[in-house]
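Participant: the sequence isn't on hand, but the structure is:
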């Protein structure tokens, strides 16, 4: 968990305050905070100050992860449809305790498990589970999907087919899917803005997310030619 965010930019190193605004908009949606219950400018300014001063060594994505864990019950904390400095502090305190315990367990047990050799039968079992729980459901959904499904799970499915050589991407494809990624991302930004999120319409798609977007679009386009798609 520590390593997952270690290479990302921490709050204290952000050069653009719009990323914190985008974080708050994300949390509003995650917590289902109605527009009328969202913070006013003064309250939002206070929360921004708390984040920058007290949580400066965290990353945007780790804060999002903390709140997702709070939402699904992992952190054992009561949440309501509100977002303020108190709620923010409670979630991050719970998450920090959870994180420290995980790191402690990893150091005492995890390193030993990581060194264990995975047998061929275990590899086969993992591949079969991925095929059953991820690939087949995607194929079924793709048959009626009008637009590409954009998320990291779908990116993993693309990687599966690409590494097997079932899906091939040439230079022309890279340009095409890169351009489509930009268009789809812009469309999603406008949609979020329409729903009331305070997002910058000129916000650029990061390199990492662009790869994910492009891969998901490529999968949506090319999977229809695979035997697995035709047989299901």
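Facilitator: Nice, thanks for sending it over. The model shown is predicted, which means the values in this text are computed figures rather than measured ones.

Participant: do me a favour and get the end-to-end distance for stretch 66-84?
Facilitator: Chord length of stretch 66-84, first to last residue, is 15 Å (CA to CA, to the nearest Å).

Participant: please read the previous query as pertaining to stretch 26-40.
Facilitator: 16 Å.

Participant: what about the helices in this protein?
Facilitator: Counting by DSSP state H, one finds helices in the chain at the ranges 2-5, 18-30, 41-54, 60-71, 85-105, 111-115, 120-130, 136-142, 152-164, 171-194, 207-222, 227-231.

Participant: wait, isn't residue 218 in contact with residue 158?
Facilitator: Yes. In this structure, residue 218 is within contact of residue 158 by CB atoms under 8 Å, at 6.4 Å. To be clear about C-beta, it is placed using only N, CA and C from the backbone, and glycine gets the same treatment.

Participant: got any residues that touch both of those two?
Facilitator: residue 167 (CB atoms under 8 Å, 6 or more residues apart in numbering).

Participant: how near is the nearest residue to residue 215 once chain neighbours are set aside to residue 55?
Facilitator: Spatially, and ignoring its direct neighbours in sequence, residue 215 is nearest to residue 158 (4.2 Å; CB to CB, 6 or more residues apart in numbering). Going from residue 158 to residue 55 by CB to CB, to the nearest Å gives 34 Å.

Participant: neighbour-wise, which of these two wins?
Facilitator: The residue with more neighbours, out of residue 158 and residue 55, is residue 158; 23 against 19, by other CB atoms under 10 Å.

Participant: contacting residues around the more buried one?
Facilitator: Contacts of residue 158 (CB under 8 Å, 6+ apart): 167, 215-216, 218-219.

Participant: need the max-distance pair from the residues you listed.
Facilitator: Within these, two members stand farthest from each other by CB to CB: 167 and 216, at 12.0 Å.

Participant: who has more neighbours, these two?
Facilitator: Higher neighbour count among residue 167 and residue 216: residue 216, with 23 against 20, using other CB under 10 Å.

Participant: mind listing what the more buried one touches?
Facilitator: With CB under 8 Å, 6+ apart, residue 216 has these contacts: 148-151, 154-155, 158.

Participant: pull out the buried members of these.
Facilitator: The neighbour-count test (16 or more other CB atoms under 10 Å) marks 148-150, 154-155, 158 as buried among those.

Participant: just to revisit the earlier point, pick out whichever of the contacts of residue 158 sits closest to residue 22.
Facilitator: residue 216 (20.8 Å).

Participant: now the closest one: how far from residue 177?
Facilitator: Computed as CB to CB, the residue 216 to residue 177 distance reads 9 Å.

Participant: gap between residue 125 and residue 131?
Facilitator: 11 Å.
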